[in-house]
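Novice: dropping the sequence and predicted coords here.
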Amino acid sequence: MHLSDNPAAGTATPVADWIQRAPKAVLHDHLDGGLRPATIIELARECGYTALPTEDPAALAVWFRDAADSGSLERYLETFAHTCAVMQTREALFRVAAECAEDLAADGVVYAEVRYAPEQHLEGGLTLDEVVEAVNEGFREGERRTRGRITVGTLLTGMRHTTRSLEIAELTVAHRERGVAGFDIAGGEIGNPPANHLPAFQHLKRHNCHFTIHAGEAVGAESIHEAVQVCGAERIGHGVRITDDIQVHDDGTATLGHLAAYVRDNGIALEVCPTSNLQTGAAKDYASHPIDLLRRLGFRITLNTDNRLVSGTTMSREFQHMADAFGYGPEVFEQFTVAAVESAFLPLPERRRLVDEVIRPGYAAL
Ligand SMILES: O=c1[nH]cnc2c1ncn2[C@@H]1O[C@H](CO)[C@@H](O)[C@H]1O
Ligand SMILES: [Zn+2]
């Protein structure tokens, strides 16, 4: 399926005014999957990167979405070679982070956790610490430019096919008071189970640090089981294949297996990213996306972008796709947004303040 052939997808999506205005929180957004196309082109010129498929910003945006629209997570991830290639200096990382905060704020996002893999930004000679500092300074600049309309924390991602996750977990602990909210594991799921990174998770637990794990995207329930029960993930990136452990009956009722029941009953948040799931083959189309079944069964659902450039999306567009597919109105999006803030890797008083002073009044005013 090509999303770009579908007028309801990608950059052409018309977004309702109330959706645009609604306050939003995003927990799953990759820094290196959300660059402005024009910025990639400018940065490529500055650093002498000549492998971009086009130098026209609009065409580049379409290229990313189409190239990622393959039905395979591995092919989806190949497109990140172009974005990471131009994110190798302090200035580039600062700029991309500042623009990320501006773009999210312009979309009505009031709280964001943005993730990236520091180990993928060392080719220009930066150290891991310098990468984290440059990104954090960029986000502080973006918050200033948007006059505090958005608060951004970062998640440091370990790549599941490499062996640096313990180092990245240590980096997370070292920078936790300075802009880093937690840790994540990402990359190709098949053949790279989360338990390969147990030393990283043990380090984080020893230091009472938050983490989430991408699981149940390309691999089924066993990956989610390992992420939750063996590794101790507090949230799950995607997690949509939890449906493997749910039996839906003809009369619409459902029976949950022990894993699905555990995830639901413990309020483990699923960071659901519908458009990305369509591209990687984790779901067939919006109308049959498991988000609605999971919501009705009482799972803690959050709605996310995954990669705004690569998936040709924004938070508003994800809201719109769900409104179109399932008829969701403001009350459902308020529920998703409150769930996201309540699952944020933030101190409880800050979560409460965001819910009571920003999210609830924002929805009440729609
Ligand atoms: O949905 C996803 N599943 C797994 N890995 C992902 C996804 N989106 C992005 N990345 C990977 O995470 C890295 C750090 O941001 C990206 O470079 C990409 O390889
Ligand atoms: Zn992701």
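Specialist: Sure, I can see it. Numbers count the residues shown, from 1 in each chain. Ligands and ions are numbered 1, 2, ... in the order given.

Novice: let me know the pLDDT of Gly252.
Specialist: What the model reports for Gly252 is a pLDDT of 87.

Novice: helix, strand, or coil at it?
Specialist: State at Gly252, reduced to three classes by DSSP: H, G, I helix; E, B strand; the rest coil: coil.

Novice: name the residue of the stretch 101-250 of the chain that lies nearest to ligand 1.
Specialist: Ala186 (3.5 Å; Cβ to the nearest ligand atom). All C-beta spots, glycine's among them, are computed from the backbone N, C-alpha and C.

Novice: is that residue bridged to anything, and to what?
Specialist: Met159 (DSSP bridges).

Novice: count the neighbours of it for me.
Specialist: 25 (other Cβ atoms under 10 Å).

Novice: can you give me the offset of stretch 271-284 from its chain's centre?
Specialist: In terms of Cα atoms, centre = their mean, to the nearest Å, the centre of stretch 271-284 is found 12 Å from the chain centre.

Novice: how about that stretch as CSV, C-alpha atoms only?
Specialist: This file holds the C-alpha atoms of stretch 271-284, laid out as CSV (Å, rounded to 0.1, in the frame of the first residue of the first chain):
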residue,chain,number,x,y,z
GLU,A,271,2.8,4.3,22.7
VAL,A,272,0.6,3.7,19.7
CYS,A,273,1.7,5.2,16.3
PRO,A,274,-0.9,4.3,13.7
THR,A,275,0.6,5.7,10.5
SER,A,276,4.0,4.2,11.2
ASN,A,277,2.3,0.9,11.8
LEU,A,278,0.7,1.0,8.4
GLN,A,279,4.1,1.7,6.8
THR,A,280,5.9,-1.1,8.6
GLY,A,281,3.1,-3.7,8.2
ALA,A,282,2.2,-3.8,11.9
ALA,A,283,-1.4,-2.9,10.9
LYS,A,284,-3.3,-3.1,7.6
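
Novice: any idea how far the residue of the stretch 101-250 of the chain closest to ligand 1 is from His238?
Specialist: 10 Å (Cβ to Cβ, to the nearest Å).

Novice: isn't Thr162 right up against Glu119?
Specialist: Yes: in terms of Cβ atoms under 8 Å, Thr162 counts as a neighbour of Glu119; the distance is 6.5 Å.

Novice: per-residue confidence at the closest residue in space to Val173 that isn't next to it in sequence?
Specialist: Residue nearest to Val173 in three dimensions, not counting chain neighbours: His207, with 4.6 Å by Cβ to Cβ, 6 or more residues apart in numbering. In this prediction, His207 carries a pLDDT score of 98.

Novice: surely Leu156 is in a strand?
Specialist: Yes: Leu156 forms part of a strand when assessed by three-state DSSP.

Novice: Glu170 is in contact with that one, correct?
Specialist: No: if you go by Cβ under 8 Å, Leu156 and Glu170 don't touch, sitting 9.9 Å apart.
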